[in-house]
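Attaching a predicted model along with its sequence, questions to come.
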Amino acid sequence: MRIPLALALIALPLAAHAAAPPASARCIDSSRVSGREPEGDRAIIFTLSNGQRWRSELGTSCPGLAHVGRFRTLVTHQWSSQLCRGDQVSAVDQLDLEQGRIETAPRCPLGDFTPLPPLPRR
């Protein structure tokens, strides 16, 4: 069976487009998040258990985010099993966290998730 050239030319770009990674996503599966790394006070890189990495640019500068891991803990405020654009994060002081005062830190909204290249294997 021969495929007309016109159909083959149409199918080729569609197949190439389907294989390309998405330009961005509104949500990621939070149960698969294995790492969260702030980039300054304006973005967070989320690493999934399969090695995929997604970057979310925050809607505003988030006070204390750059100090997560040293003096602060990253807390996510989400409303479903997905971590989505519009969900919020806080950089909570360790002492406030230990005393159950997580509401003292400002909440910062997540933006869309942009895919990043996977880290090289070691």
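In hand now; what should we look at?

Doesn't Ser31 lie inside a helix?
Yes: checked against DSSP: H, G, I helix; E, B strand; the rest coil, Ser31 lies within a helix.

so Thr114 is in which element?
Thr114 belongs to strand 113-116 when assigned by DSSP states H and E.

Which stretches in this protein count as strands?
27-29, 33-39, 43-48, 53-57, 72-77, 82-84, 88-93, 108-109, 113-116 (DSSP state E).

Dump those into TSV; add mean neighbour count, distance to Ala66 and mean pLDDT as well.
Glycine gets a C-beta too; all of them are placed from N, C-alpha and C. What follows is the strands of the chain, written out as TSV (neighbours: other CB atoms under 10 Å; distance: least, CB to CB, whole Å; pLDDT from 0 to 100):
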stretch	mean neighbour count	distance to Ala66	mean pLDDT
strand 27-29	16	22	93
strand 33-39	15	6	94
strand 43-48	19	10	96
strand 53-57	19	15	96
strand 72-77	17	9	89
strand 82-84	18	20	94
strand 88-93	22	8	91
strand 108-109	18	12	95
strand 113-116	18	19	95
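
just so I know, which of those lies nearest Gly64?
Closest to Gly64 of the strands of the chain, according to CB to CB: strand 88-93, at 3.5 Å.
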